[in-house]
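Peer 1: would you be able to build a 3D model of this:
(chains A and B)
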Amino acid sequence: MSTPNPSPGHHPSSSPFGTTSSMAAARETTEGAVYTVTGGDWDEVVETAARADDERLIVNMGPQHPSTHGVLRLILEMDGETVTEARCGIGYLHTGIEKNLEYRTWTQGTTFVTRMDYLTPFFNETAYCLAVEKLLGIEDQVPDRASIIRVLLMELNRLSSHLVCIATGGMELGATTIMIYGFRDRELILDIYELITGLRMNHAYIRPGGLAQDLPPGAVDQIREFVKKMKKNLPEYDKLATGNPIFKARMQDVGYLDLAGCMALGATGPILRSAGLPHDLRKAQPYCGYETYDFDVPTADSCDSYGRFLIRLEEMRQSLRIIEQCLDRLQPGPVMVADKKIAWPAQLALGPDGLGNSLDHIKKIMGTSMEALIHHFKLVTEGFRVPPGQAYAAVESPKGELGVHVVSDGGTRPFRVHFRDPSFTNLQTMAAMCEGGQVADVIVAVASIDPVMGGVDR
Amino acid sequence: MSDANGTNGVNPEKDLGASNLPGQRGEGGEEIRVQRGMFGANNGGDTSGYGGLVRSVRLPGPATRPYGGWFDEVADELEGALEEQGLVPENVIDRTVVDRGEMTFHIEREYLVAVAQTLRDDPALRFELCTGVSGVHYPGDKGRELHAVYHLRSITHNRLIRLEVSAPDADPHIPSLVSVYPTNDWHERETYDFFGIVFDGHPALTRIMMPDDWQGFPQRKDYPLGGIPVEYKGAQIPAPDQRRSYS
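Peer 2: Numbering: from 1, shown residues only, chains lettered A, B, ... in the order given. The predicted model follows:
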């Protein structure tokens, strides 16, 4: 906060150029005057609206605004500084991923789902793969090493997602230091992703039946190094923000949603846990062997943005605990099911021109075994068949319950895939959190929901 | 092929499948599609020699008691609670499917709200969290083309069940669950947007993802992928499948 008077809900009082700047551009429409506001001229808008003696002022915040998360459009009806009604306009990032999935094989699906909530790619991939594995009936055949690496990557991903949430949330309050810290630490995690999967985002690394490839040499050491560093860095967030009076004044009692509201609106994740209910699918319905890891589920009883912030901080500490346990457990072994009718036939290897099919494999299918070539061709172009039926798999993503409903008609492509994205459901709580509050608190409330429009719109 | 199956009563492919695949195979279940040939291609001559193959694709069929685990308890409680309300469970629950460790109640659409209310409020059931609705379009399932699938989670008892409701294409109406689970507000709008299922009683059933003036329901199976020109501020860009290609 840079303003001298940081009382809760108070917004920066005027543009840096004083009151000499001209009015916000206005044009008359059949619905009344419409102002295009670019920033810094709020006072003038409110003043003009007051002079026009129109009691209703409707502000369209977004869809492109630095402090809404992505292309989210907030439609706020205001009375002075008070928000009397709030609604969301979404769909600006709808890319038809669920439709596209029906035109690609089951394996190619991971390439699509990883792009949904682009801050939690490994959760999308794991949830999708768990659902496909349930349909195939091969949950028990997924090798331990693959499950451990999945957990490892998901917990790294929980860290990177929470870091972005705290960083951007801080930035929206004007706390740029915490933003720099958050993105600094996230960069360390993205480096690990890049080492393991080759990409910083959109990995498609987790596949039905296991993983695309094993960990590369040096990955374990780099993660251990990261854990050591992160243990040093995490307390910095505490020191900077947790006890900070400005931070607390902006966050406490803002974005209030109690347990009844959470249950009715289907909110999960940190929002639900900030209302005091320790519901976490990793404990309630464990998957990937989470029941064997030692970690705690933090809760708060404040039902507000500050409680959610504290929960995210604590969850990051718990994630580090899980990551350490994963590293201790890693034993050499396969990372894909043994069933050659499902497992991707080509092994990846690092060649002089980058990562690609291993030369040994190419030599085998092109030179020695025609059956292997046919098998490779059929599996890669046509894909494997999945018995008809439907399944639902859910994982605890950093934002809440990420559920996947998949339907197969016995073919090599999904018949229907539906993602129950936590951001989509949680964003519905925005109205309940914001109505009756100050307009500056809308930003804080939305930041505490942590919606990612890639996941909301899919 | 079908004659051969009829005479000896054994379909080697299906019996083979029954031993190593989950779910119930064979003649039971709900036919959603008839597969002709082996590879899905239907243009050109029958070069594969498999063109005469006719195979029905069936979803897992109704299960018989006992369902196993806590499934029986939930089914008993639900049936008892419905009877208390003066409803006949056989009329309400079309069938119960247990497959892959998951339980599905197929509910007749007029009773959906009553069933959901019971599932939420009965202390022995207490499914307090609805994870939304997912639509599925089965064009081959005549008279029940549109399905709405709900997953209900009980945090109290740590259980998850699935409700499935169907409606014909000609009359795509399903009662809204927003009065019981307010979280379904956006989910039902999404399903309406993509499948055209009209949720009666929804407070404001409008499109949520697609533009308000969009024609058609994109996730239906008869709606093509691509083929829609991109419109932006008056300019038109041809659909992806009609653009010039440079390869």
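Peer 1: what about the strands in the stretch 301-450 of chain A?
Peer 2: In the stretch 301-450 of chain A, strands defined by DSSP state E, counting those that start in this stretch lie at A:348-351, A:354-357, A:389-397, A:400-408, A:416-420, listed in chain order.
Peer 1: and whichever residue of chain B sits closest to chain A, what's its pLDDT?
Peer 2: For chain B, the nearest residue to chain A under the criterion CB to the nearest CB is B:Thr183, separated by 2.8 Å. (Each C-beta comes from the backbone N, C-alpha and C, glycine too.) What the model reports for B:Thr183 is a pLDDT of 93.
Peer 1: which residue sits closest to it, ignoring its sequence neighbours?
Peer 2: The shortest distance from B:Thr183 to any non-neighbouring residue, by CB to CB, 6 or more residues apart in numbering or on different chains, is to A:Gly266 (2.8 Å).
Peer 1: pretty sure that neighbour contacts A:Ala432?
Peer 2: No. Shown here, A:Gly266 and A:Ala432 do not form a contact pair, counting by CB atoms under 8 Å, at 11.8 Å.
Peer 1: what about these two, which has more around it?
Peer 2: When neighbours are counted by other CB atoms under 10 Å in any protein chain shown, A:Gly266 comes out ahead of the other of A:Gly266 and A:Ala432, with 29 against 20.
Peer 1: look up how far B:Thr131 lies from that one.
Peer 2: 7 Å (CB to CB, to the nearest Å).
Peer 1: mutual contacts of the two, please.
Peer 2: Residues within reach of A:Gly266 and of B:Thr131 at once, by CB atoms under 8 Å, 6 or more residues apart in numbering or on different chains, are A:Thr425.
Peer 1: next up, the contacts around the residue nearest to B:Thr183.
Peer 2: By CB under 8 Å, 6+ apart, A:Gly266 lies in contact with A:Thr425, A:Gln428, B:Leu129, B:Cys130, B:Thr131, B:Gly132, B:Tyr181, B:Pro182, B:Thr183, B:Asn184.
Peer 1: now do 10 Å
Peer 2: With CB atoms under 10 Å, 6 or more residues apart in numbering or on different chains as the criterion, the residues that contact A:Gly266 are A:272, A:400-401, A:420, A:422, A:424-426, A:428-429, B:128-132, B:153, B:181-187.
Peer 1: quick one on the thing from earlier: pretty sure the residue of chain B closest to chain A sits against A:Glu401.
Peer 2: No. B:Thr183 is not in contact with A:Glu401 according to CB atoms under 10 Å; the separation is 11.1 Å.
Peer 1: quick check: closest non-adjacent residue to whichever residue of the stretch 351-458 of chain A sits closest to chain B.
Peer 2: Nearest to chain B, among the residues of the stretch 351-458 of chain A, is A:His418, at 3.7 Å (CB to the nearest CB). Leaving out its chain neighbours, the residue that sits closest to A:His418 by CB to CB, 6+ apart is B:Ser134, at 3.7 Å.
Peer 1: hang on, the one you found is in a strand, isn't it?
Peer 2: Yes. Membership of B:Ser134 in a strand is supported by DSSP: H, G, I helix; E, B strand; the rest coil.
Peer 1: which other helices and strands contact the strand or helix carrying A:Arg282?
Peer 2: In this structure, A:Arg282 sits in helix A:281-284 according to DSSP states H and E. Helix A:281-284 is packed against helix A:144-172, strand A:389-397, strand A:400-408, with contacts defined by 3 or more CB pairs under 10 Å, 6 or more residues apart in numbering or on different chains; DSSP states H and E.
Peer 1: reformat these as CSV; add distance to chain B, mean neighbour count and mean pLDDT.
Peer 2: Rendered in CSV, the data for those read as follows (distance: least, CB to the nearest CB, whole Å; neighbours: other CB atoms under 10 Å in any protein chain shown; pLDDT from 0 to 100):
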stretch, distance to chain B, mean neighbour count, mean pLDDT
helix A:144-172, 18, 24, 92
strand A:389-397, 5, 26, 93
strand A:400-408, 5, 27, 93
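Peer 1: for these, which one sits closest to A:Lys99?
Peer 2: When the helices and strands packed on helix A:281-284 are compared by CB to CB, strand A:400-408 sits nearest A:Lys99, at 13.7 Å.
Peer 1: so what are the sheet partners of the closest one and their directions?
Peer 2: In the sheet, strand A:400-408 lines up against strand A:389-397 (antiparallel), strand A:416-420 (antiparallel) (DSSP bridges).
Peer 1: how about CSV for those strands, with distance to A:Gly198 added?
Peer 2: Conversion of the strands paired with strand A:400-408 to CSV gives the following (distance: least, CB to CB, whole Å):
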stretch, distance to A:Gly198
strand A:389-397, 23
strand A:416-420, 24
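Peer 1: ok, which of those comes nearest A:Val142?
Peer 2: Between A:Val142 and the strands paired with strand A:400-408, the shortest gap by CB to CB is with strand A:389-397, which sits at 12.6 Å.
Peer 1: regarding stretch A:272-280, how distant is the last residue from the first?
Peer 2: End-to-end span of stretch A:272-280 (CA to CA, to the nearest Å): 9 Å.
Peer 1: and the host helix or strand of A:Ala260, is it in reach of chain B?
Peer 2: Secondary structure assigned from DSSP H and E places A:Ala260 in helix A:259-265. Yes. Taking CB under 10 Å from any CB of the partner chain as the criterion, helix A:259-265 and chain B are in contact, through A:Gly261, A:Cys262, A:Met263, A:Ala264, A:Leu265.
Peer 1: let me see the contact set for residue 134.
Peer 2: I'll assume chain A. Neighbour list for A:Lys134: A:Tyr287, A:Gly389, A:Gln390, A:Ala391, A:Tyr392, A:Ala393, A:Val404, A:Val406, B:Pro22, B:Arg100, B:Gly101, B:Glu102 [criterion: CB under 10 Å, 6+ apart].
Peer 1: meant chain B, my bad for not saying
Peer 2: When the contact criterion is CB under 10 Å, 6+ apart, the partners of B:Ser134 are A:98, A:390, A:392, A:403-407, A:416-420, B:147-151, B:162, B:164, B:187, B:190-191, B:194-195.
Peer 1: again, 6 Å this time
Peer 2: Going by CB atoms under 6 Å, 6 or more residues apart in numbering or on different chains, B:Ser134 touches A:His405, A:His418, B:Val149.
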